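> Predicted model and sequence below, questions to follow.
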Amino acid sequence: MWSVGWNAALRHALDLQGFKFRTVLHEGALTDVYECIRGFKKERLAVKAPGQGYINYREVAIVREITECNLDKYNIVKCYGDIQMFSKEKMLVFEKLDINLERYVVDVQQNKPLPLSCVRDVAKQMNVALMALSRQSIIHADIKPSHIMIVKQSETPFTFKLIDFGSALWAHDASQGFTPGTVGFMSPEIMLGLPFTQSTDVWSLGCVLAYMFLGHSLFDTESEFNTFKAIHELIGQPSDELLDEGMYTSRFYNEIDGIWVLKSPEKTEEKLFTSLDDLKPLSVGVYKRHDPIEREQCVELLKKMLQVNPEDRITLEEIMKHPFITGRYPPKVLKWRPFIPFQKKKEISPLESVNQPSQCPTNTLPSEKPKVSKVQRAKNIFTNIKRNKSINFLKNKHCVPKQSQNRKHSNAN
């Protein structure tokens, strides 16, 4: 990718630090990642080297902050330090992980949807990573499947780690007009050129979960306009306040008589979904075996993460309490139940229903006569006698004899 002289300088810097170059893991626009071996234990490491002329001050500072705070305990890649080169550039040394999520979905899963248990694991573990970064006022700003690594495929359930802080920044540097991220996973506020917060990572993580749910990206990953058009049609238009303040709103909308109108598309595409709710009845492939309630709650979480207005978006703390994450579904969400036909009750006569005892044994039908012991039968007889005496007593107390009424009437005359 770069000049022969630059590559030779990189190799020489690695040799001086005791690293033996093995292979190229990734070639990027500004950086390359090499697999190297160090020490007599042949420890495998991933070394991220900057391109010629690219000075990665901010990335080095953020990775150093992550290392000093021991954030690798929170599903973030572990960094062992940096290597000073002959110029101002530095190479970063990380632990070597197995495979990224994008390669796993494409190469291993053949673009088939992943089990919901795997979607949940990524949601939980990446949320833990983002909460740890948030405590240090760090925004990752480029969360996508290729930046989420599976630590080891042979160990299930998978452990995931967040990598690549090339676009990361401090929260106070998230200024208007700065557009980090990748098309298809970039939040609407970044595309519009608005100031942004940690909420932009929530949007990107929601796009990753949708990618796992579907086996492909929810939004166009080639054209920024088509991505925004899909967001507009699937989720809705941002508020007028956001569109008024956006530096790049005119890339996507025309203002006509004070109203923002989406521009004509670059190309016409067939719509797979008209809303996120269309994902709920999805019953293909792996999801044929899933509980419809679990699938419904996964989509409900996506709807909260993919709110077009950042202030309406679910927070990191609220994600951890969502029913899809906890598995505790309140009664009001239990909408999907298997159909169980009612059994026809045996018809009984009115007399049988009146004479039926109030407490019927659990193993008898309401129309059956329960077996009563001799002792219980005697108690029932005694109870009936007492009840009849009480009734007669009340009659004698409240009813005046007819003869007495006639006597009183004659005396009055």
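Arrived safely.

> what pLDDT does residue 255 get?
On pLDDT, residue 255 comes in at 92.

> tell me which residues form a beta bridge with it?
Beta-bridge pairing for residue 255 (DSSP bridges): residue 260.

> Would you check how far apart it and residue 189 are?
Using C-beta to C-beta, to the nearest Å, we find residue 255 at a distance of 19 Å from residue 189. Using the backbone N, CA and C atoms, a C-beta is placed for each residue, glycine as well.

> These two: which has the busier surroundings?
residue 189 (24 against 12; other C-beta atoms under 10 Å).

> And that one, which helix or strand is it part of?
Under the criterion of DSSP states H and E, residue 189 resides in helix 188-191.

> and that helix, how far from the chain's centre?
In terms of C-alpha atoms, centre = their mean, to the nearest Å, the centre of helix 188-191 is found 21 Å from the chain centre.

> Mind checking what helix or strand follows that helix in sequence?
By DSSP H and E, the next helix or strand past helix 188-191 is helix 199-214.

> next SSE after that following helix?
Downstream of helix 199-214 (by DSSP H and E), the next one is helix 224-234.

> buried residues in that following helix?
Across helix 224-234, burial judged by 16 or more other C-beta atoms under 10 Å covers 224, 225, 226, 227, 228, 229, 230, 231, 232, 234.

> Name the nearest of those residues relative to residue 245.
In terms of C-beta to C-beta, no member of the buried residues of helix 224-234 lies closer to residue 245 than residue 228, at 16.0 Å.

> returning to that earlier point: in the helix holding residue 189, what's buried?
So for helix 188-191, counting by 16+ other C-beta under 10 Å, buried means 188, 189, 190, 191.

> And stretch 123-136, by the same measure?
For stretch 123-136, the neighbour count (16+ other C-beta under 10 Å) marks 123, 124, 125, 126, 127, 128, 129, 130, 131, 132, 133, 134 as buried.

> Just the local confidence number for the third one, please.
Here the pLDDT value assigned to residue 125 is 98.

> do the last one as well
Residue 134 carries a pLDDT score of 97 in this model.

> Quick check, it in contact with residue 316.
Yes. Between residue 134 and residue 316 a contact is recorded at 6.4 Å, counting by C-beta atoms under 8 Å.

> got any residues that touch both of those two?
residue 198 (C-beta atoms under 8 Å, 6 or more residues apart in numbering).

> which residue ranges form the helices in the chain?
4-16, 57-68, 101-103, 116-135, 188-191, 199-214, 224-234, 240-245, 292-305, 316-320, 323-326, 350-355, 374-398, 402-412 (DSSP state H).

> Select from these the stretch with the lowest mean pLDDT.
Among the helices of the chain, helix 350-355 carries the lowest mean pLDDT (a mean of 42).

> Just give the nearest non-adjacent residue to residue 163, would you?
Leaving aside its sequence neighbours, residue 163 sits nearest to residue 77 (C-beta to C-beta, 6 or more residues apart in numbering; 4.5 Å).

> can you tell me how far that neighbour sits from residue 61?
From residue 77 to residue 61 the distance is 16 Å (C-beta to C-beta).

> When those two are compared, which one has more neighbours?
residue 77 (23 against 13).

> For the more buried one, which residues are in contact?
94, 95, 97, 149, 161, 162, 163.

> same thing but 10 Å
Residue 77 makes contacts with 46, 63, 66, 71, 92, 94-97, 129, 147, 149, 151, 161-165, as judged by C-beta atoms under 10 Å, 6 or more residues apart in numbering.

> just residue 217 next, same as before
Contacts of residue 217 (C-beta under 10 Å, 6+ apart): 102, 144, 145, 183, 184, 185, 207, 208, 210, 211, 227, 230.

> Equivalent analysis for residue 216, please.
Contacts of residue 216 by C-beta under 10 Å, 6+ apart are 105, 106, 111, 112, 113, 210, 272.

> Out of those residues, the closest to residue 21 would be?
residue 106 (26.9 Å).

> Quick check, the closest one in contact with residue 145.
Yes. Between residue 106 and residue 145 there is a contact under C-beta atoms under 10 Å: 9.0 Å.

> which one of those two has more residues nearby?
The neighbour count for residue 106 versus residue 145, taken as other C-beta under 10 Å, is higher for residue 145 (20 against 14).

> give the contact list for that one.
Contacts of residue 145 by C-beta under 10 Å, 6+ apart are 100-106, 122, 182, 185, 207-208, 211-212, 217.

> In ChimeraX, how would I select just the buried ones from those?
In ChimeraX, a selection of the buried entries from these looks like this (16+ other C-beta under 10 Å):
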select :100,101,102,104,105,122,182,185,207,208,211,212,217
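
> Quick check: bridge partners of residue 169?
In beta-bridge terms (that is, DSSP bridges), residue 169 pairs with residue 139.

> count of residues packed around the residue lying closest to residue 254 once chain neighbours are set aside?
Distances taken as C-beta to C-beta, 6+ apart put residue 261 closest to residue 254, at 5.2 Å, once the chain neighbours are dropped. Neighbours of residue 261 under the rule other C-beta under 10 Å: 11.

> how near is the spatially closest residue to residue 220 that is not a sequence neighbour to residue 43?
Of all residues not flanking residue 220 in the chain, residue 226 sits nearest, at 4.0 Å (C-beta to C-beta, 6+ apart). From residue 226 over to residue 43 the distance is 44 Å, taken as C-beta to C-beta.

> And residue 240, by the same measure?
56 Å.

> What of residue 297?
For residue 297, the distance to residue 43 - C-beta to C-beta - is 42 Å.

> So these two - more neighbours on which side?
residue 297 (22 against 13).

> List the contacts of that one.
If you count contacts by C-beta under 10 Å, 6+ apart, then residue 297 has 116, 120, 280, 291, 322, 323, 324, 325, 326, 327, 329, 333 around it.
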